[in-house]
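Chemist: sequence and predicted structure are below.
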Amino acid sequence: MSGLGHVLNELPRYLAAHIELSLLALAIALAVSLPLGVLATRRPGLGAAALGLASVLQTIPGLALLALMVPLLGGLGVALGWAGLPAPPSIGFLPALIALSLYGVLPMLRNTVTGLDGVDPALVEAARGVGMSPWERLRLVELPLAMPTIVAGLRTATVWVVGTATLATPVGGTSLGNPIFAGLQTRNLSAVLAGSLAAAALALLLDALIRAIEQG
């Protein structure tokens, strides 16, 4: 019971760190995916290349992608050190954030492209006929019609990122993976279950919240 009590006492801290890491990664992924998806529908060659790259990144296992960030940031730090610039941390929050942001790009990018491509061309032409500028057509016609598909991609990315964030622990990130990995090392089933259930509950809660916002 004392071991379980310690896990429960530390769980809010791990949960707060997990939420911070996941939400920031999702925000970065959305900031990259939405404009890139819009650009991809205007330039099909660029869209195919972007989707191909995102698909390749998605085939890399989550733990491998997180681990890959460590030597990459380490090499970047060496190069910046030669230039007299401060080196970014190669372990901890930053590599986990970059990897999770990349991991969240594919579903949002793919759904943005799919949603915009699915808008009825007659509606776009009608908007052009009443004198709307390209920006107005995008903002007032195309994006609102594509929004359900885009939000579906955001919901998928949310579940993926929240689940994968538990793997940030081996690269020095703090998350709900801490009690999971600690429990595996010490054969503490309570710690493993506490971290796993908290991560699953968080993913379901965020998914439901996004769905409620979409319906509202």
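Modeler: Sure thing, it's come through.
Chemist: give me the low-pLDDT residue ranges for this structure?
Modeler: Residue ranges of the chain with pLDDT under 70: 1-7.
Chemist: what's the longest helix along the chain packed up against?
Modeler: In terms of residue count, the longest helix belonging to the chain (DSSP state H) is helix 2-42. Applying 3 or more CB pairs under 8 Å, 6 or more residues apart in numbering; DSSP states H and E, one finds that helix 2-42 contacts helix 44-59, helix 93-117, helix 143-164, helix 177-186, helix 189-215. (Glycine included, C-beta is placed from N, CA and C.)
Chemist: for those helices, give me TSV that also has distance to Glu20.
Modeler: Output for the helices and strands packed on helix 2-42, formatted as TSV (distance: least, CB to CB, whole Å):
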stretch	distance to Glu20
helix 44-59	23
helix 93-117	9
helix 143-164	12
helix 177-186	14
helix 189-215	12
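Chemist: columns mean neighbour count and distance to Leu34 on top of the ones you listed, output as a markdown table?
Modeler: A markdown table is the format used below for the helices and strands packed on helix 2-42 (neighbours: other CB atoms under 10 Å; distance: least, CB to CB, whole Å):
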| stretch | mean neighbour count | distance to Leu34 |
| --- | --- | --- |
| helix 44-59 | 14 | 12 |
| helix 93-117 | 23 | 6 |
| helix 143-164 | 20 | 7 |
| helix 177-186 | 18 | 28 |
| helix 189-215 | 16 | 15 |
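Chemist: and of these, who's closest to Gly75?
Modeler: Gly75 lies closest to helix 93-117 among the helices and strands packed on helix 2-42, at 12.2 Å (CB to CB).
Chemist: next, the angle helix 143-164 makes with that closest one.
Modeler: Helix 93-117 and helix 143-164 are oriented at 150 degrees to each other (axes from the mean of the first three to the mean of the last three CA atoms, to 10 degrees).
Chemist: and the next helix or strand past helix 93-117?
Modeler: Heading C-terminal from helix 93-117, the first helix or strand you meet, by DSSP states H and E, is helix 121-129.
Chemist: distance from the chain centre to whichever helix or strand comes after that following helix, please.
Modeler: Later in the chain than helix 121-129, the nearest helix or strand by DSSP H and E is helix 134-137. Relative to the chain's own centre, helix 134-137 is displaced by 28 Å; criterion: CA atoms, centre = their mean, to the nearest Å.
Chemist: Gly77 contacts Ile91, doesn't it?
Modeler: No: between Gly77 and Ile91 there is no contact under CB atoms under 8 Å: 10.9 Å.
Chemist: now do the end-to-end distance for stretch 127-135.
Modeler: This stretch, stretch 127-135, spans 11 Å end to end (CA to CA, to the nearest Å).
Chemist: show me what counts as buried in that stretch.
Modeler: If you call a residue buried by 16 or more other CB atoms under 10 Å, then stretch 127-135 has these buried ones: Ala127, Met132.
Chemist: show me what counts as buried in the helix or strand containing Leu80.
Modeler: Using DSSP H and E, Leu80 falls within helix 62-82. Using 16+ other CB under 10 Å as the test for burial, helix 62-82 gives Gly62, Leu65, Leu66, Ala67, Leu68, Met69, Val70, Leu73, Gly74, Gly77.
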